[in-house]
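Colleague: 3D, please:
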Amino acid sequence: MNSFDSTQALLPEIMALHGRWRSTQTALIEGERSLSWGAFDRLLNQVANGLRAQGVQPGDCVAVLMHNSLEMVAALFGTLKSGAVVVPLNLSITDQALVEMVGDCGAVAILASDEQCRRVDALRTQFPTLRAQSYVGVNAPARGWQEFNAWVEQQDAAPLLHAVQPDSPCNIIYSSGTTGVPKGIVHSHLCRLRWAVDVGAALRYHSGAITICSLGLFSNISWVSMLATFYAGGTVVVMRSFKPHELMAQIERFEVTHGAFVPIQLQRILDSGAADVHPSRTLQTLMCCGSPLAADTKRAVAAALSCQLIELYGLTEGLVTTLGPEDFRRKLTSVGKPLPGAQLLLLDESDRPVPTGEAGEIVGRSSLIMSGYHNRPDADAEATWIGPDGLRWFRTGDIGRLDDEGFLYIVDRKKDMLLSGGQNVYPADIEQVIRLHEAVAEIAVIGVPSERWGESPLAVVVLHAGQRIEAEQLMAWTNERVGKQQRVSGVVFRDALPRNPNGKILKRELRREYITAVVTSESRS
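Modeller: The predicted structure follows:
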């Protein structure tokens with residue numbers, strides 16, 4: 001029997017060890033401010049002790065409603081150190097969704113910043129679970145709040161002992177804030193450690209990584225970057241918001257090596273010419289995820305930024321695949337393979353595995369899978385498939401295909417699929433064709449009611465600046481290049497497509513807007 005204690009070190013302990021062994025190396029940068037690992041670890045301890053002093057106990061939820069900043073990183077990871085469950089909230093959610101999410105998780109404390117403090121004040125009577133002494137804010141109103149930095153300075157910097165356990169909840173990240181009942185995705189501390197280790201390895205993170213975060217830190221995309229960097233002992237560079245020229249200037253100034261982006265960000269970097277003004281000489285690996293990345297954009301980004309590009313397909317709930325640099329050129333339209341140790345299957349509409357090359361719903365098993373949806377057994381059941389061997393698999397709701405080498409290709413969201421004339425039609429296939437037209441900057445295909453076919457594809461298009469084309473011309477051009485069932489019934493032009501803060505197109509908003517666009521005459525002859 002081994003007499004040594006082999007208990008798994010979790011992220012709070014690992015970060016504390018960096019504070020000791022990497023004490024003088026830089027952990028965090030925001031503009032002109034920076035913290036060494038030693039100072040960063042002390043700051044996290046102060047936040048943790050401050051929460052404990054307010055009566056926040058392990059397992060209690062703490063809401064974080066802040067813009068990107070050094071203080072937000074301290075709020076997120078200081079809460080983790082305390083053993084409380086951190087609940088980072090999207091700043092763009094409605095007031096109603098904010099009230100619902102705080103109520104759903106039963107948050108007992110809130111850490112906010114600037115204008116968000118005043119927003120919370122206007123809703124204060126609707127937060128019955130928040131304790132009066134537990135409103136802490138950066139640039140907060142004098143009445144009813146504790147000023148974050150003054151509050152921190154009053155706290156002990158000694159570490160809390162035994163605050164977290166492997167299976168205790170680490171965070172709740174809400175997947176929706178615009179429609180329906182909020183679904184809070186719960187990850188345990190052990191699960192988040194696996195994210196840091198497994199995803200970090202796939203994305204080539206290391207102790208010398210300097211990672212830039214320009215998306216909201218409430219996003220799981222940002223969490224992937226921060227977890228992997230902090231686990232390795234690297235440096236996180238935080239931007240208040242994404243601006244292409246400012247981003248490239250900071251990459252140049254701070255010698256950034258890594259980053260995580262969504263496709264629209266990469267496209268805007270290319271369109272702005274920022275990479276020409278501030279050429280990157282230190283970038284090693286960039287990850288792109290959140291929505292499909294067009295093949296021509298993949299090539300252009302890798303060339304313009306002189307780095308390796310890794311496309312990641314994944315859900316906050318926990319299934320992840322990556323297309324590594326070694327397969328980049330020959331499998332350009334794929335999203336790669338599952339991480340080591342993960343399993344993946346494609347199921348037909350009767351929940352039977354499909355043959356290689358055929359489309360099916362993606363289901364998976366992985367150590368990254370969430371503990372479940374907070375207080376939503378109905379959602380847990382809907383997202384679960386029980387295999388013939390009795391094992392539980394997570395349903396993604398996405399449609400994919402596998403080639404004969406096991407590489408995954410995303411076809412579409414299951415809920416975005418059209419049933420037209422009794423045939424499954426995947427908007428992504430049509431979008432891929434329309435995107436090839438030189439006048440088209442952005443495209444979303446949705447299903448609208450059709451008297452003849454039940455549903456029919458409608459193309460919603462944003463043109464490049466200075467480009468002109470008639471809707472009938474673009475529809476004819478498209479329908480010459482797609483299958484009969486894929487022919488679009490119409491083309492509408494817009495100045496912009498609705499997107500969430502991570503740049504993902506909100507097709508549900510388009511469907512709601514164009515639901516009355518009933519098609520009465522279509523030809524597929």
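
Colleague: buried residues in stretch 331-349, which are they?
Modeller: By neighbour count with 16 or more other CB atoms under 10 Å, stretch 331-349 contains the buried residues 331, 334-339, 342, 344-347. For every residue, glycine as well, the C-beta is placed using N, CA and C.

Colleague: what's the answer for stretch 384-393, then?
Modeller: For stretch 384-393, burial by neighbour count (16+ other CB under 10 Å) applies to 385, 393.

Colleague: then it to CSV, C-alphas only?
Modeller: Extracted in CSV, the C-alpha atoms of stretch 384-393 (Å, rounded to 0.1, in the frame of the first residue of the first chain):
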residue,chain,number,x,y,z
THR,A,384,-29.7,11.8,-22.3
TRP,A,385,-29.5,8.7,-24.5
ILE,A,386,-29.1,5.4,-22.8
GLY,A,387,-27.1,3.0,-24.9
PRO,A,388,-27.7,-0.8,-25.2
ASP,A,389,-25.1,-1.4,-22.5
GLY,A,390,-26.9,0.9,-20.1
LEU,A,391,-24.4,3.7,-20.3
ARG,A,392,-25.5,7.4,-20.4
TRP,A,393,-24.6,9.5,-23.5
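
Colleague: now do that stretch, average pLDDT.
Modeller: The average pLDDT for stretch 384-393 rounds to 95.

Colleague: format the buried residues of stretch 331-349 as TSV; extra columns: distance to residue 435, secondary structure and pLDDT.
Modeller: TSV is the format used below for the buried residues of stretch 331-349 (distance: CB to CB, whole Å; DSSP: H, G, I helix; E, B strand; the rest coil; pLDDT from 0 to 100):
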residue	distance to residue 435	secondary structure	pLDDT
331	19	coil	93
334	17	coil	94
335	17	coil	94
336	21	coil	96
337	25	strand	96
338	27	strand	96
339	29	coil	95
342	30	coil	95
344	27	strand	96
345	29	strand	96
346	25	strand	97
347	29	strand	95
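
Colleague: burial of the nearest residue to residue 510 once chain neighbours are set aside, as a residue count?
Modeller: In space, and not counting its chain neighbours, residue 510 is closest to residue 446: 5.1 Å by CB to CB, 6 or more residues apart in numbering. Applying other CB atoms under 10 Å, we find 24 residues neighbouring residue 446.

Colleague: pull the longest helix from the chain.
Modeller: Criterion DSSP state H: the longest helix present in the chain is helix 37-53.

Colleague: packing partners of that one?
Modeller: helix 11-21, strand 26-30, helix 70-82, helix 148-153 (3 or more CB pairs under 8 Å, 6 or more residues apart in numbering; DSSP states H and E).

Colleague: so for it, what gets flagged as buried?
Modeller: Judged by neighbour count (16+ other CB under 10 Å), helix 37-53 contains these buried residues: 37-52.

Colleague: residue 202: which of those residues is nearest?
Modeller: residue 37 (24.3 Å; CB to CB).

Colleague: surely the closest one touches residue 23?
Modeller: Yes - shown here, residue 37 and residue 23 form a contact pair, counting by CB atoms under 8 Å, at 5.5 Å.

Colleague: please, which helix or strand holds the closest residue in space to residue 259 that isn't next to it in sequence?
Modeller: Nearest residue to residue 259 in three dimensions, chain neighbours excluded: residue 212, at 4.6 Å (CB to CB, 6+ apart). Following DSSP states H and E, one finds residue 212 within strand 210-213.

Colleague: tell me what that strand is packed against?
Modeller: helix 220-232, strand 235-238, helix 244-254, strand 258-261.

Colleague: hmm, try it at 10 Å
Modeller: Secondary-structure packing of strand 210-213 (3 or more CB pairs under 10 Å, 6 or more residues apart in numbering; DSSP states H and E): strand 26-30, helix 220-232, strand 235-238, helix 244-254, strand 258-261, strand 285-288.

Colleague: what pairs with that strand, parallel or antiparallel?
Modeller: Paired strands of strand 210-213, with direction, are strand 235-238 (parallel), strand 258-261 (parallel) (DSSP bridges).

Colleague: how far away from the center of its chain is stretch 439-458?
Modeller: Chain-centre distance of stretch 439-458: 27 Å, with CA atoms, centre = their mean, to the nearest Å.

Colleague: first vs last residue of it, how far apart are they?
Modeller: End-to-end distance of stretch 439-458 (CA to CA, to the nearest Å): 17 Å.

Colleague: so which bits of that stretch are buried?
Modeller: Neighbour-count burial for stretch 439-458, counted by 16+ other CB under 10 Å, picks out 440-448, 450, 453, 455-458.

Colleague: for that stretch, give the mean pLDDT please.
Modeller: 87.

Colleague: and the longest helix of the chain with helix 11-21, angle?
Modeller: Helix 37-53 runs at 140 degrees relative to helix 11-21, counting by axes from the mean of the first three to the mean of the last three CA atoms, to 10 degrees.

Colleague: which is the next helix or strand following helix 37-53?
Modeller: Downstream of helix 37-53 (by DSSP H and E), the next one is strand 61-65.

Colleague: and that next one, what does it pack against?
Modeller: If contacts are counted by 3+ CB pairs under 10 Å, 6+ apart, strand 61-65 sits against helix 70-82, strand 85-88, helix 95-105, strand 109-113, helix 115-122, strand 169-174.

Colleague: re the thing from before, now, which of the buried residues of stretch 439-458 lie within strands?
Modeller: Taking DSSP state E as the definition of strands, the buried residues of stretch 439-458 contribute 440-448, 450, 455-458.

Colleague: of all these, which comes closest to residue 140?
Modeller: Using CB to CB, residue 442 comes nearest to residue 140 of these, at 38.9 Å.

Colleague: what residues are up against that closest one?
Modeller: Contact analysis of residue 442 by CB atoms under 10 Å, 6 or more residues apart in numbering lists 264, 267, 431, 434-435, 460-464, 494, 496-497, 499, 505.

Colleague: ok, now with 8 Å
Modeller: Listed by CB atoms under 8 Å, 6 or more residues apart in numbering, the contact set of residue 442 reads 461-462, 496-497, 505.

Colleague: low-confidence ranges in the stretch 101-250 of the chain?
Modeller: 176-181 (pLDDT under 70).

Colleague: try it again with 80
Modeller: The stretch 101-250 of the chain contains residues with pLDDT under 80 at 162-163, 175-182.

Colleague: could you do the stretch 251-400 of the chain as well?
Modeller: 290-294.

Colleague: that one: strands as residue ranges?
Modeller: All strands of the stretch 251-400 of the chain, identified by DSSP state E, counting those that start in this stretch, fall at 258-261, 285-288, 308-314, 320-323, 337-338, 343-347, 360-365, 372-373, 384-386, 392-402.
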